[in-house]
Structure formats: structure tokens, C-alpha cells
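> Coordinates only, no sequence provided:
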């Protein structure tokens, strides 16, 4: 789904419940002209900057990374991480691209909850045993 269409659907869903999500009011809160937001939603212009997408995501209660991806963008903090170690991260991403979602979700939880001090200690011990 295109970025603008998805953003419009989100905003309109919220407008059904709360009239403050009109194009004009939403645009004002995220700091853009209403005509510009309307053009974005119709796909008449390219998706906005990362910062505008971030404000829109917060306004609409949507995940920032999802909106950025729909816009064909990657968050600047993620880009910086990849640039620091491009070979490792590109190999990792390509290697994980065919893993089913449930397995990838499990891996994400393991990484998020890992105790890296224990991991480093165990890795060192394993290397000592090998060598």
C-alpha cells in the first residue's frame, strides 16, 4: 500500500471517532499546510521528510518505522547503525530475509532480552575450549 493512501486511511479512521482529525487540523498539528497533507494523501507528491513522517506517526498513533518503510525510507538512527558496520548488518538482514515471521519475532525477543555480558563471557569460554 502506498504511503499517502495508508496515512489517509489512518486519519479518516480517527476522524470517524474524533473530528479533530480533519486534514486541516491534522496538518496544523504536524506543522504542514493542509494542501500539502492532502497532496501527500492523494499521492500527488512524494512522501515528506523523516521528521514530518515522525510527527504524523505520533499524531495518528502509528509505528514510525512502518510509516517510514511505506514511504520508502529508513530511520536515520538505523541508517547510522548500518553505515558503521555495513558488511555485518547487510549480511544479517539478507540472511534473515527468508525466515518466517514467527521465527524472526522469536529471534527479536531473544536479542532484545539478551544479557550480552553473559553472551560475551560464554563466547570467550567457548573460544578458549576450542583453542
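In hand now; what should we look at? From a predicted model like this one, the values you see are computed outputs, not experimental measurements. Residues are numbered from 1 along each chain as shown.
> What about the closest residue to residue 70 other than its chain neighbours, how many residues nearby?
Excluding its sequence neighbours, the residue lying closest to residue 70 (Cβ to Cβ, 6 or more residues apart in numbering) is residue 3, at 4.2 Å. The C-beta positions use only the backbone N, C-alpha and C, and glycine is treated the same way. Here the count is done by other Cβ atoms under 10 Å, and residue 3 has 22 residues near it.
> residues in contact with residue 3?
40, 43, 47, 67, 70, 71, 72 (Cβ atoms under 8 Å, 6 or more residues apart in numbering).
> I'd assumed residue 7 was in contact with the second one.
No - with contact defined as Cβ atoms under 8 Å, residue 43 does not reach residue 7; the gap is 10.1 Å.
> for residue 42, what are its contacts?
4, 8 are the contacts of residue 42 under Cβ under 8 Å, 6+ apart.
> which of the contacts of residue 3 count as buried?
Buried by 16 or more other Cβ atoms under 10 Å: 40, 47, 67, 70, 71, out of the contacts of residue 3.
> Let me see the ranges of the helices in the chain.
3-17, 23-30, 34-42, 50-60, 64-70, 76-84, 86-96, 101-113, 116-130 (DSSP state H).
> least trustworthy helix or strand in this structure by mean pLDDT?
When each helix and strand of the chain is scored by mean pLDDT, DSSP states H and E, helix 116-130 comes last, with a mean of 63.
> circling back: which stretch in the helices of the chain has the least confidence?
With a mean of 63, helix 116-130 has the lowest mean pLDDT of the helices of the chain.
> Now do the domain split for this structure, please.
3-75, 79-130 (automatic domain parsing).
> So which of the ones you listed is the most surrounded?
Highest mean neighbour count of the domains of the chain: domain 3-75, a mean of 16 (counted as mean count of other Cβ atoms under 10 Å).
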